[in-house]
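*Asks:* Below is the sequence, then the predicted model.
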Amino acid sequence: MTHGLYSATELMSRYRQGERNFPDLHLASAQLQGADLAEANLQNGSFKHADLTGADLVRANLNGVTFSHAKLIGADLLGANLGKADLSEADLSLANISGANLQGALLTLARFGGANLSMANLQQADISRGRFIGANLFEANLSEANLGEAILGRAGLSLANLSRANLSGANLGDANLSEADLSGSDLRHANCIGVNFGRASLAGSKCKGAIFIGANFFEARLEGADLEAADLTGANFYGATYDRFTRLPPSFDASMLKFLG
């Protein structure tokens, strides 16, 4: 059942009067630029094609909300609950999504350029072909997320959890993945030129066809990683660890690596 509201104007009027509970609200193409909806309950609503540029959605309950094709440029979603929300093809450039919950969310083709997603939970989210150029994903949880063909150039992913994530065909050029957990991840055919994997774990990762030209693997963990068919030209492996299950190119000089047996 939809909430008994029919316009963005009425929504904002009731919010200013202190009401916060607006579940199942459908306001497609609504003009809500700069709207203050902090801590509002909008779960299971629909804001397709809506303009929420600069909106305040701090700690709002947006569980299951549809924001497909919506504009959330510069919006503040600090600590918001976006679990299982549909943000496909939405524009969240420069948005603050720090600490938000996006577990299981649909983010295909969404744009996050310059956005702050530090410590956000994106576990099992579908972010295929998403654009994260220059985004901050420090300590974000992307475990088991689908980032196939995503663009993460120059993104900050230090200490991020990408265990068992799908990064096949992704563009990670010049991203910072220092101390990140990529164990069991799929990096096949990914562009990892110039990526910083310093002290990261790539244990058990699949890297067939990946390009690691000029990448930094300083003290990275490579136990069980499959790098046999990857391009490792000019990469730094000083102090990285590997074991008998690690697969390296036949002509690879492993003198800088530490063998763990």
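*Replies:* That came through, no problem.
*Asks:* Kindly state the pLDDT recorded for Tyr6?
*Replies:* On pLDDT, Tyr6 comes in at 72.
*Asks:* if I look at Ala230, how far off is Phe112?
*Replies:* 27 Å (CB to CB, to the nearest Å). To be clear about C-beta, it is placed using only N, CA and C from the backbone, and glycine gets the same treatment.
*Asks:* Show me which of those two is the more surrounded one.
*Replies:* Taking other CB atoms under 10 Å, Ala230 and Phe112 do not tie; Phe112 has more neighbours (30 against 27).
*Asks:* Need the pLDDT of that one.
*Replies:* Confidence score, pLDDT, at Phe112: 98.
*Asks:* residue ranges with poor pLDDT in this protein?
*Replies:* Counting by pLDDT under 70, the chain contains low-confidence ranges at 1-5.
*Asks:* if you set the cut-off to 50 instead, what comes out?
*Replies:* 1-2 (pLDDT under 50).
*Asks:* helix, strand or coil for Thr9?
*Replies:* Put simply, Thr9 is helix when judged by DSSP: H, G, I helix; E, B strand; the rest coil.
*Asks:* and it, how many neighbours does it have?
*Replies:* 12.
*Asks:* helix/strand/coil for Gly134?
*Replies:* coil.
*Asks:* Also Met12?
*Replies:* Per three-state DSSP, Met12 ends up helix.
*Asks:* Was I right to think it contacts Ala35?
*Replies:* Yes. Because the distance of 6.1 Å satisfies CB atoms under 8 Å, Met12 is recorded as touching Ala35.
*Asks:* higher neighbour count, the two?
*Replies:* Between Met12 and Ala35, Ala35 has the larger neighbour count (other CB under 10 Å), namely 22 against 15.
*Asks:* Surely that one is in contact with Ala55?
*Replies:* Yes. Ala35 is within contact range of Ala55, at 4.6 Å (criterion: CB under 8 Å).
*Asks:* all strands of this structure, in order?
*Replies:* In the chain, the segments counted as strands under DSSP state E are 241-242, 258-259.
*Asks:* Next up, the contacts around Arg188.
*Replies:* Ser168, Gly169, Lys206, Cys207, Lys208, Gly209, Ala210 (CB atoms under 8 Å, 6 or more residues apart in numbering).
*Asks:* residues in contact with the last one?
*Replies:* For Ala210, the residues meeting the contact criterion (CB under 8 Å, 6+ apart) are Leu187, Arg188, His189, Ala190, Asn191, Cys192, Leu227, Ala230, Asp231.
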